[in-house]
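**Student:** Task: produce atomic coordinates for the following.
(2 chains)
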Amino acid sequence: MTLAYTLQLADDALIIGHRLSEWCGHGPILEQDIALTNTSLDHLGRARSLYQYAAEQFNQLPADKKESFFTSVALMQVVKAGNAIDEDDIAYLRDGWDFRNLQLVEQPNGDWAHTVARSFFYDCFNFLYFSELTKSSDSKLAAIAEKSLKEVTYHLRWSSEWVVRLGDGTDESNARMQEGINDMWMFTGEMFMASEADKHAAADGTGVDVTQLKSLWEQKVGEILDEATLTKPTGTWMQQGGREGRHTEHLGYILAEMQFMQRTYPGMEW
Amino acid sequence: MDNSNKREWPLWEVFIRSKAGLDHKHAGSLHAADAQMAIENARDVYTRRMEGVSIWVVESKNIHASDPGESASMYEPAMDKIYRHPTFYDLPDEVKYM
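**Tutor:** Residues are numbered from 1 along each chain as shown, chains lettered A, B, ... in the order given. From the prediction side, this is the model:
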């Protein structure tokens, strides 16, 4: 079950990394363009480590388990041909329903405030999450968490600061930051709903009990929103499904762009 | 100054210390709204390839520079005073790294 757990973590990292990379060349100023690209590369680096670990676990499964784990046709062709899979196969050859990322990370960039709000919610979660995952009984996950925590600490600093800067800025920046916060809010509940993989991993000590992080997250988010003179949304109805492979319409567009080259020219390198 | 310039973020000069024990060296400049943002922007722009372990920033307007037009009177008088260099001592062989 560590495989499923590893994959959902990897998918979060890949999809948020791809989303942030969309800002490359479009940032409001050069300095922030580079800042977001750096952050994007942190996420992609984490995705790569996790996919490599997932591939290693997958390749050790017995044949019948291998053939039923994924349902994406392109990936199954590789598996059924008897080939070992690698991190690229997992990233590029799965369809949307085999992705287990949170719906939050696939949400479109929108304006700067929407990107900041999405990052802020996710970074705050990640910070708490990876702090816990460093204690994982799985040494590989613990090592990845250790490295990621340093990166995530900076991500959180960056996004928190922008929330405060825009919230406590002009009337216009305050209104737009509030809108970003409001629009992303309904995607935050899913972070604290334990999937099957989460439950197994938390029970056997390899993973984090996400339900335990909620109150800490709300406290941290509340503090920053207060400082930013923003209002914490009160809505309690939350979107969910990403961890079960049910996604918003946006994921398909991301995959279409991201996977096009490998699907059209299989195995292409550059 | 016209209005569009006033709305731009000020310019900052960035100084990076490449490793502990060395001094900060001028790395370049960037735009930022305040000192904190300037340090973070400097981190992202100038230390991505492990260039540094410490950052200083100072708003460019606070740097006062000598006038290049006065370089003749400022620097040329030093040129014929080689005796100011400590190069006329005989060093014992045991003294290294001088």
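**Student:** How about the residues of the stretch 101-250 of chain A by chain B?
**Tutor:** Contact residues, the stretch 101-250 of chain A versus chain B (CB under 8 Å from any CB of the partner chain): A:157-158, A:161, A:165. In this view, the C-beta of every residue, glycine as well, is placed from N, C-alpha and C.
**Student:** how about 10 Å then?
**Tutor:** Counting by CB under 10 Å from any CB of the partner chain, the stretch 101-250 of chain A comes close to chain B at A:154, A:157-158, A:161-162, A:165, A:169.
**Student:** What about these, which are in helices?
**Tutor:** Assigned to helices by DSSP state H, the following of those qualify: A:154, A:157-158, A:161-162, A:165.
**Student:** got a list of what A:Q178 touches?
**Tutor:** Counting by CB atoms under 10 Å, 6 or more residues apart in numbering or on different chains, A:Q178 makes contact with A:113, A:117, A:166-167, A:225, A:228-231, A:233.
**Student:** Can you tell me the element it falls in?
**Tutor:** helix A:171-185 (DSSP states H and E).
**Student:** for A:R100, same thing?
**Tutor:** Assigned by DSSP H and E, A:R100 belongs to neither a helix nor a strand.
**Student:** what do you get for the one 5 residues further on?
**Tutor:** Element membership of A:V105 [criterion: DSSP H and E] is helix A:103-106.
**Student:** Could I get the pLDDT score of A:R243?
**Tutor:** Predicted confidence (pLDDT) for A:R243: 97.
**Student:** For it, give me its contacts.
**Tutor:** A:4, A:8, A:11-12, A:99-103, A:190-191, A:193-198, A:210.
**Student:** let's go with 7 Å and repeat that
**Tutor:** Contacts for A:R243 (CB atoms under 7 Å, 6 or more residues apart in numbering or on different chains) come out as A:8, A:100, A:190, A:195.
**Student:** Mind checking what secondary structure the residue nearest the centre of chain B has?
**Tutor:** In chain B, the C-alpha nearest the mean C-alpha coordinate belongs to B:H26, at 3.2 Å (CA atoms, centre = their mean). With DSSP: H, G, I helix; E, B strand; the rest coil as the basis, the three-state label of B:H26 is strand.
**Student:** That one bridge partners, please.
**Tutor:** B:F15 (DSSP bridges).
**Student:** Take the contacts of A:R243 and lay them out in JSON lines including pLDDT.
**Tutor:** Compiled in JSON lines, the contacts of A:R243 are given as follows (pLDDT from 0 to 100):
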{"residue": "A:Q8", "pLDDT": "97"}
{"residue": "A:R100", "pLDDT": "98"}
{"residue": "A:E190", "pLDDT": "97"}
{"residue": "A:S195", "pLDDT": "97"}
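**Student:** So which of those residues is the closest to chain B?
**Tutor:** Comparing the contacts of A:R243 against chain B with CB to the nearest CB places A:Q8 closest, at 28.8 Å.
**Student:** That closest one and B:M79: what is the separation?
**Tutor:** Going from A:Q8 to B:M79 by CB to CB, to the nearest Å gives 69 Å.
**Student:** Compare these two (neighbour count), which wins?
**Tutor:** Higher neighbour count among A:Q8 and B:M79: A:Q8, with 22 against 7, using other CB atoms under 10 Å in any protein chain shown.
**Student:** Tell me, please, the helix or strand in chain A that averages the lowest pLDDT.
**Tutor:** helix A:63-69 (a mean of 92; mean pLDDT, DSSP states H and E).
**Student:** Can you tell me which helices and strands the helix holding A:V105 packs against?
**Tutor:** Judged by 3 or more CB pairs under 7 Å, 6 or more residues apart in numbering or on different chains; DSSP states H and E, helix A:103-106 is in contact with helix A:2-21, helix A:112-133, helix A:250-264.
**Student:** One more pass at 6 Å, please.
**Tutor:** Packing partners of helix A:103-106 (3 or more CB pairs under 6 Å, 6 or more residues apart in numbering or on different chains; DSSP states H and E): helix A:2-21.
**Student:** Now do the helix it packs on against helix A:250-264, angle only.
**Tutor:** Interaxial angle of helix A:2-21 relative to helix A:250-264 (axes from the mean of the first three to the mean of the last three CA atoms, to 10 degrees): 100 degrees.
**Student:** Moving C-terminal from helix A:2-21, which element do we reach first?
**Tutor:** Counting by DSSP H and E, the element after helix A:2-21 in chain order, helix or strand, is helix A:30-59.
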